[in-house]
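**Student:** output the structure for:
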Amino acid sequence: LTSKDFNDIEKVLKAECNSDNLEFVLSVLHARIRFLESILHLSYKIPLKKWQVRGQEKVVVAETKQNIQERFKKEMGLLVDKPKQGYGNSNDGNTARRFFNDPEKSAAITGVSVEIIKRFKVILKAIASGHTIDTEKFRTYALDTAKLFIEKYPWYPMSPTVHKILIHGPDVISSALIPIGQLSEEAQEANNKVFRRYRESFSRKMSREKTNEDVLRRLLISSDPYISSLEETPIVKKTIDKEVLDLILPPNIGWYSEKESSDGSSDSD
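**Tutor:** Down below sits the predicted model:
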């Protein structure tokens, strides 16, 4: 299927999926950025209600984009869809996180349905939670979200990432050996600044081989379980929304009475 077919739910659900592709899992961290960009690109075309624009229509899209960018900067202090010198643009994980943390404000600026933004937020938080997800509840919630998106914006096909998570997300999640959130690239991305610091300050610069050798040795040292345990890490308490909790399976905890017999069995046995 192509993106033109993504809004045809009946066709999508009947199409056969190659189960071998499920092993590539979901890009949890970048999914948040792709969802943000999908909403932004949709918002630019809302005045025209057309997916493909031509001629003078491009001027309307450009003006709408500029107005939305200025409002985000003024009202939320966010730079969205701005090119960065040398690489990429300003749409990063922190920008996407702040965007979805305030659905009402984001909806007011973009003109996109607040209900859709809230549902996207719940889905993204569920897959990034690191907890085991109830795939059947997730499937129902994601499919209802896809139908709502198509109902409100039938003229705008959902992006490949949005389609992948809403339609195929439950199958990918159930095929993962551990909770999907524990496969996030967040730790790898966070290590980029560590790698950069090691390369700049703790490596020989006589050749690339020596530089990489020193960096790898330093990474091996820092990854040692005992050495890494000496580092004090701040305890961050995170709250989980009720809607997200509804999509997560409760942990398998054994409950025991306060008084246990000497053989280890509880009084209630």
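
**Student:** quick one, helices of the chain?
**Tutor:** 9-14, 28-44, 57-75, 93-101, 103-110, 114-128, 135-152, 160-163, 169-175, 186-190, 192-201, 208-222, 225-230, 242-245 (DSSP state H).

**Student:** got a list of what residue 145 touches?
**Tutor:** Counting by C-beta atoms under 8 Å, 6 or more residues apart in numbering, residue 145 touches 116, 119-120, 123, 166. In this view, the C-beta of every residue, glycine as well, is placed from N, C-alpha and C.

**Student:** swap in residue 21?
**Tutor:** Counted by C-beta under 8 Å, 6+ apart, residue 21 has zero contacts.

**Student:** what does the one 5 residues further on give?
**Tutor:** Counting by C-beta under 8 Å, 6+ apart, residue 26 makes contact with 127, 164-165, 169, 172-173, 180, 183.

**Student:** now these: which count as buried?
**Tutor:** Burial of the contacts of residue 26 was assessed by neighbour count (16 or more other C-beta atoms under 10 Å); the buried members are 127, 164-165, 169, 172-173, 180.

**Student:** now the two most distant members of those residues.
**Tutor:** Spatial extent of the buried ones among the contacts of residue 26 (C-beta to C-beta) is set by the pair 164 and 180 at 12.5 Å.

**Student:** please enumerate the shared neighbours of these two.
**Tutor:** 26, 172.

**Student:** can I get the contacts of residue 26 in TSV with pLDDT and distance to residue 21?
**Tutor:** TSV is the format used below for the contacts of residue 26 (pLDDT from 0 to 100; distance: C-beta to C-beta, whole Å):
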residue	pLDDT	distance to residue 21
127	89	17
164	90	10
165	92	14
169	88	13
172	87	9
173	87	14
180	80	15
183	77	15
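
**Student:** farthest-separated two in the residues you listed?
**Tutor:** The distance between the two most remote of the contacts of residue 26 (C-beta to C-beta) is 14.8 Å, for 164 and 183.

**Student:** turn the contacts of residue 26 into a markdown table, including distance to residue 9.
**Tutor:** Output for the contacts of residue 26, formatted as a markdown table (distance: C-beta to C-beta, whole Å):
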| residue | distance to residue 9 |
| --- | --- |
| 127 | 21 |
| 164 | 15 |
| 165 | 15 |
| 169 | 15 |
| 172 | 18 |
| 173 | 20 |
| 180 | 23 |
| 183 | 28 |
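
**Student:** find the least confident helix or strand in the protein, judged by mean pLDDT.
**Tutor:** helix 186-190 (a mean of 76; mean pLDDT, DSSP states H and E).

**Student:** which strands and helices sit next to it?
**Tutor:** The contact analysis (3 or more C-beta pairs under 8 Å, 6 or more residues apart in numbering; DSSP states H and E) places helix 186-190 against helix 28-44.

**Student:** can we see that at 10 Å?
**Tutor:** helix 28-44, helix 93-101 (3 or more C-beta pairs under 10 Å, 6 or more residues apart in numbering; DSSP states H and E).

**Student:** ok, and which of those has the densest surroundings?
**Tutor:** Highest mean neighbour count among these (mean count of other C-beta atoms under 10 Å): helix 28-44, with a mean of 20.
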